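# Provide a 3D model corresponding to the input given below.
(chains A and B)
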There are 2 protein chains.
Amino acid sequence: MALINHQIRLAARPVGLPTAANWQHTTEPVAQPDDGGVLVKTLALSLDPAMRGWMNEGKSYIAPVGLGEVMRAGGVGLVVASKNPKFAVGDHVSAGLGVQEYLLIPADQIRRSGLVAVDLRLGSLTQWLNVLGMPGMTGYFGLMDVGQPKAGETLVVSGAAGAVGQTVGQLAKIKGCRVVGIAGGQAKCDWVVNTLGFDACIDYKNSSVKDGLKQHCPDGVDIYFDNVGGEILDTVLTRINRKARIVICGAISQYNATTAVQGPKNYLSLLVNRARMEGIVVFDYADRYPLAVAEMAGYLKDGRMTSREDVVEGLSHFPTALTQLFTGANFGKLVLKVADH
Amino acid sequence: MALINHQIRLAARPVGLPTAANWQHTTEPVAQPDDGGVLVKTLALSLDPAMRGWMNEGKSYIAPVGLGEVMRAGGVGLVVASKNPKFAVGDHVSAGLGVQEYLLIPADQIRRSGLVAVDLRLGSLTQWLNVLGMPGMTGYFGLMDVGQPKAGETLVVSGAAGAVGQTVGQLAKIKGCRVVGIAGGQAKCDWVVNTLGFDACIDYKNSSVKDGLKQHCPDGVDIYFDNVGGEILDTVLTRINRKARIVICGAISQYNATTAVQGPKNYLSLLVNRARMEGIVVFDYADRYPLAVAEMAGYLKDGRMTSREDVVEGLSHFPTALTQLFTGANFGKLVLKVADH
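Residues are numbered from 1 along each chain as shown, chains lettered A, B, ... in the order given. Below is the predicted model of the structure:
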């Protein structure tokens, strides 16, 4: 039986928010693995703000997706054929699967694909795309290595209900910080406070971030974990403490800008406060992922951490699902479910 | 004989570049010191970009100068009367003298005034306002503690012929870096390369900073010591290396802005490059000034460091001299000479 692989390829580079015209839906027959190779069936894909950057031309921390190439995506899947002794048919794995139903990984690409086994005793399949996956690793190392939280400090995180934000805030609470989230809408704010246990959450869509920071960060801000950039970054800069750390993880408010990115006009607050603004790219910490996974799986198990994923079903919905990230329509880590098993 | 103290006071807060209308010239009789107090005669004052910030209202790393108060200024002077056993008449000293001919320091203000003896065997009076003074300390600790230079790295410094820039560049050369300056005009660039020994200097007034960085920093930029902000900061951000350090020391291009400060629109280069932007305020390092002075006095003595001061004479010229900083008319550390002895 010849399996058919449905794929979504980058057809054109977007200007502003991606549209249907940026994508091409293709099919290919699925081949069998060579000696040492593995065939993975995609079960679920991680939809991330970073994808928008990968669609642009130009130098970044990773090469852009080429026109005509299958769109890059991390995902979890099932080994359906294997000629590699480390992976057996039926194993659950994580890898850079791409936006497609199957990924054939030749022997010489195993390492590059990032193929690793995932242990469903540590977390669910979607949690392996969230707190135990790239967003979780980003939150963990961005907070611990760049943010360097100390008990008693105040941390603010934007995109608080998102994949990275939920990890950062919960972890900072565990480390003894006062944690204030910024999220869009009352429902997200309520969840962040009531379920995740943040001390407060500011609804940037319906209230003043400036007033919220004044109210909820009476002792100023020691760590700001920024996922959004733009006006919110500028507002937080006016409230930072001496020796504050600003972790630049992303700037989702700017990714679809068709004019120049809005630079932080209050950046001289870094000078006045001897503060630091520093970028983080998760791949730098790959050697330490297992340690972070083990620690956070422990928190999931003992109930000190939880997670929320927003699951959209069907590969063909990828283009519309992706745009949800930029309007804030998703609630929790956005996952595209491609197959049940 | 009653001495008369000529003073320059802040009369009104400036909008944009300060003008004569912002200043008030006053005179007062000079009183004699109380028990433990000291009377200092101003010989020379340090004119610094930071002064522009002190003229503004609002929270910063130091309180603003109040309306009607003598303008704040660091300076070197001569002890002309003393009832303090630590300071003898005829001693040369450094302190926050203010823009005036005499400062009477009561016993209970000695510590707060920062009064310290200066040793003219280590450097000239004007060098004590430059490489051995606040700008030198700013350059030293900004480079060594925040920039953390390693031999073989490339450092770029803006305001290269200025007080902080000349210290930073020469010190980075001594520490084994490739050093590229950015300065305004051919004369400054020639001096920076030929006299200070920088590897190259980009004339931002007459050539493209972008092209200059491409040419002179073929291996990218590891440390950028920024005194200017604005477009130059944005251009350097496009050339930084992984794990680069950007020392935010000042933003002289923005201090007289009457609209919002121009934020660095390329700040996401920090993310892509896992780089850091960090502010420095020299006062944090006061405990270590003597160590830095000793080290740099050694370099002055053995000829590995030199310095250049641009001396304007006469207290009454303070208002016009100050504006030179913002047009770049000064060449070297700007000093206002108030008295010969």
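
# which residues touch the residue of the stretch 51-200 of chain A found nearest chain B?
For the stretch 51-200 of chain A and chain B, the shortest gap (C-beta to the nearest C-beta) falls at residue A:61, measuring 4.7 Å. Every residue, glycine included, has its C-beta placed from N, CA and C. Contacts for residue A:61 (C-beta atoms under 8 Å, 6 or more residues apart in numbering or on different chains) come out as A:281, A:283, B:271-274.

# got it, and residue A:190?
residue A:201.

# just residue A:83 next, same as before
A:33-38, A:107.

# cool, and residue A:33?
Applying C-beta under 8 Å, 6+ apart to residue A:33 gives the contacts A:39, A:81-84, A:104-107.

# repeat the analysis, applying 7 Å as the threshold.
A:39, A:81-83, A:104 (C-beta atoms under 7 Å, 6 or more residues apart in numbering or on different chains).

# over to residue A:199?
So residue A:199 contacts A:178-180, A:216 (C-beta under 7 Å, 6+ apart).

# local confidence estimate at it?
In this prediction, residue A:199 carries a pLDDT score of 98.

# who wins for neighbours among the contacts of residue A:33?
residue A:39 (23 neighbours; other C-beta atoms under 10 Å in any protein chain shown).

# that one belongs to a helix?
No: under DSSP: H, G, I helix; E, B strand; the rest coil, residue A:39 sits outside any helix and is assigned strand.

# shouldn't it be in contact with residue A:106?
No: in this structure residue A:39 lies outside contact range of residue A:106 using C-beta atoms under 7 Å: 10.2 Å.

# dump the contacts of residue A:199 into JSON lines; add neighbour count, pLDDT and distance to chain B as well.
As requested, the contacts of residue A:199 are exported to JSON lines (neighbours: other C-beta atoms under 10 Å in any protein chain shown; pLDDT from 0 to 100; distance: C-beta to the nearest C-beta, whole Å):
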{"residue": "A:178", "neighbour count": "21", "pLDDT": "98", "distance to chain B": "22"}
{"residue": "A:179", "neighbour count": "31", "pLDDT": "98", "distance to chain B": "22"}
{"residue": "A:180", "neighbour count": "26", "pLDDT": "98", "distance to chain B": "21"}
{"residue": "A:216", "neighbour count": "20", "pLDDT": "98", "distance to chain B": "20"}
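
# biggest separation within the residues you listed, which pair?
A:179 and A:216 (9.7 Å; C-beta to C-beta).

# re the thing from before, just the buried subset of the contacts of residue A:83, please.
A:33, A:36-38 (16 or more other C-beta atoms under 10 Å in any protein chain shown).

# quick one: those as TSV, columns for pLDDT too.
Converted to TSV, the buried ones among the contacts of residue A:83 look like this (pLDDT from 0 to 100):
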residue	pLDDT
A:33	96
A:36	96
A:37	97
A:38	98
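
# so residue A:140 makes contact with residue A:292?
Yes: the criterion here is C-beta under 7 Å, and residue A:140 meets it with residue A:292 at 4.3 Å.

# between those two, which is the more surrounded one?
residue A:140 (25 against 20).

# re the thing from before, the contacts of residue A:199 in helices, which ones?
Judged by DSSP state H, helices contain the following of the contacts of residue A:199: residue A:216.

# and the contacts of residue A:199, which is closest to residue A:191?
Using C-beta to C-beta, the contacts of residue A:199 come closest to residue A:191 at residue A:179, 13.9 Å.

# okay, that closest one and residue A:148: tell me how far apart.
15 Å (C-beta to C-beta, to the nearest Å).

# let me see the contact set for the closest residue to residue A:322 other than its chain neighbours.
Residue nearest to residue A:322 in three dimensions, not counting chain neighbours: residue A:47, with 5.7 Å by C-beta to C-beta, 6 or more residues apart in numbering or on different chains. Neighbouring residues of residue A:47 by C-beta under 7 Å, 6+ apart: A:321-322, A:325, A:334-336.

# tabulate those (TSV), appending distance to residue A:4, pLDDT and secondary structure.
Below are these laid out as TSV (distance: C-beta to C-beta, whole Å; pLDDT from 0 to 100; DSSP: H, G, I helix; E, B strand; the rest coil):
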residue	distance to residue A:4	pLDDT	secondary structure
A:321	22	97	helix
A:322	23	96	helix
A:325	29	93	helix
A:334	26	96	strand
A:335	23	97	strand
A:336	19	98	strand
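
# which secondary structure state does the residue most central in space within chain A sit in?
Nearest to the geometric centre of chain A sits residue A:135, at 3.5 Å (C-alpha atoms, centre = their mean). Of the three states, residue A:135 takes helix under three-state DSSP.

# mean confidence score for the longest helix along chain A?
Using DSSP H to define each element, chain A has its longest helix at helix A:289-302. Confidence over helix A:289-302 (mean pLDDT, whole number) is 97.

# could I get the contacting residues of the nearest residue to residue A:123 once chain neighbours are set aside?
Leaving aside its sequence neighbours, residue A:123 sits nearest to residue A:132 (C-beta to C-beta, 6+ apart; 4.6 Å). Applying C-beta under 7 Å, 6+ apart to residue A:132 gives the contacts A:122-123, A:293, A:296-297.

# that older thread, redo the contacts of residue A:83 as JSON lines? Include secondary structure.
Output for these, formatted as JSON lines (three-state DSSP):
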{"residue": "A:33", "secondary structure": "coil"}
{"residue": "A:34", "secondary structure": "coil"}
{"residue": "A:35", "secondary structure": "coil"}
{"residue": "A:36", "secondary structure": "coil"}
{"residue": "A:37", "secondary structure": "coil"}
{"residue": "A:38", "secondary structure": "strand"}
{"residue": "A:107", "secondary structure": "helix"}
